[in-house]
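> show me the folded form of this:
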Amino acid sequence: MTLPRLLLVTGLSGAGKTTALKTLEDLGWETVDNLPLALLDRLLATAPAPASEGERPLALGIDARTRGFDPDALLERLGRLRETGTDAATLFLDCSGAELVRRFSGTRRRHPLALDRPAADGIARERELLGPMRRAATHLIDTTDLSTNALQAELRTRFGEAEGAPTLTVMSFGYSRGLPRSADLVFDMRFLRNPHWDRILRPKTGLDQAVADYVAADPAYEAVERIESLIELLLPRYAVEGKSYITLAFGCTGGRHRSVHIAERVAARLRSTGFSPTVFHRDLAAATHDSFEGQPPGPARERTEGR
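Model prediction:
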């Protein structure tokens, strides 16, 4: 589906126009809401350039509150724009009267066309005024039974072709230096045996094959495959929800051995399934210290002491 270069967003008050414009903005559209019609005419006269010239598509929000609102005149102007080659479309957001009354009651807002009357009166009046816009709409979305997230998902499906895949980062870190604030999913690798307590492996990192082999020899290592399956299940869902950035963080005590190896393994697995993660090892260059790692288990203590 080819996206329009100009989208007129309108509909009943409370039906989700603000959410629609915000979602379109997140998708990379330029958005303008409720300009006076005199300025709107000037803006329409300089419609967006073709996509080949690198211009972002433009979404204009307008409704019955706009001063001098005239749906017939607006539709006529859009028709003239199409005749000149501008790819223009309209999105109308509808909703049942009962649901709109409930929404206005829940937010304690007054309907803009019924400031001193029941909201139902304003809804009826607005529905009448916007009738021509609804009948001529290129896209019609009824939000009666849609949550905000569901409406956003529907808009991304219809108008999100320009949106790329989420930016995916896989990182390692050490709990001794704090949790990463940007992480969306955090996995604790401290259940795996710790190479720090092997005097030969201690100066190495999770990027070294010897450390990878040591960690992989732990019987509990099979849990990593389950973690990878969980991640592969969740990532497409995050994309559907419109997340632009996703960070997977794997932690161990110092952030130099177990977490580094697991982050590299998971990133390789994701690449093989079509993702393009960026790998970041936050604490790989940090100094190591026994006090960060706690007390070693008996056999590990013996290897540390060289016995």
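> what ranges do the strands span in the stretch 151-300 of the chain?
Applying DSSP state E, counting those that start in this stretch to the stretch 151-300 of the chain gives strands spanning 167-174, 185-188, 245-252, 278-281.
> for the second one, packing partners?
In terms of contacts (3 or more CB pairs under 8 Å, 6 or more residues apart in numbering; DSSP states H and E), strand 185-188 is packed against helix 223-240, strand 245-252. Every C-beta, even on glycine, is put in place using the N, C-alpha and C of the backbone.
> buried set for that strand?
Of the residues in strand 185-188, those with enough neighbours to count as buried (16 or more other CB atoms under 10 Å) are F187.
> partners of that strand in the sheet?
Looking at strand 185-188 with DSSP bridges, its partner strands are strand 245-252 (parallel).
> one more: the last one?
For strand 278-281, the paired strands and their directions (DSSP bridges) are strand 167-174 (parallel).
> distance between the strand it pairs with and the chain's centre?
Strand 167-174 has its average C-alpha position 17 Å from the chain's average C-alpha position, going by CA atoms, centre = their mean, to the nearest Å.
> with adjacent residues omitted, what lies nearest to the residue nearest the centre of the chain?
Geometric centre of the chain, nearest residue: K243, 1.7 Å, by CA atoms, centre = their mean. In space, not counting the residues next to it along the chain, K243 is nearest to P166; the distance is 5.3 Å by CB to CB, 6 or more residues apart in numbering.
> who's in contact with the one you found?
The contact partners of P166, by CB atoms under 8 Å, 6 or more residues apart in numbering, come to L235, Y238, A239, K243, S244, Y245, I246.
> turn the helices and strands packed on strand 185-188 into JSON lines, including distance to R258.
As requested, those are arranged in JSON lines below (distance: least, CB to CB, whole Å):
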{"stretch": "helix 223-240", "distance to R258": "10"}
{"stretch": "strand 245-252", "distance to R258": "4"}
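> where do the helices sit along this structure?
Chain-ordered helices for the chain, with DSSP state H as the definition, fall at 17-26, 37-45, 71-83, 97-107, 119-129, 131-135, 148-159, 209-216, 223-240, 258-272, 290-293, 298-305.
> shaky segments in the chain?
Residues of the chain that meet the criterion pLDDT under 70 lie in 1-3, 40-41, 44-54, 161-165, 288-307.
> end to end, how far does stretch 159-170 reach?
29 Å (CA to CA, to the nearest Å).
> neighbouring contacts of stretch 223-232?
The contact list for stretch 223-232, computed with CB under 8 Å, 6+ apart, reads L185, F187, F191, L248, I262, R265, V266, R269, L270, T273.
> quick one, domains of this structure?
The record's domain parsing of the chain by automatic domain parsing lists 6-159, 167-305.
> ok, and the closest non-adjacent residue to F104?
Counting by CB to CB, 6+ apart, A119 is the residue found nearest to F104 once chain neighbours are left out, at 4.4 Å.
> how close does the residue nearest to the centre of the chain sit to L113?
Distance of K243 to L113, given as CB to CB, to the nearest Å: 37 Å.
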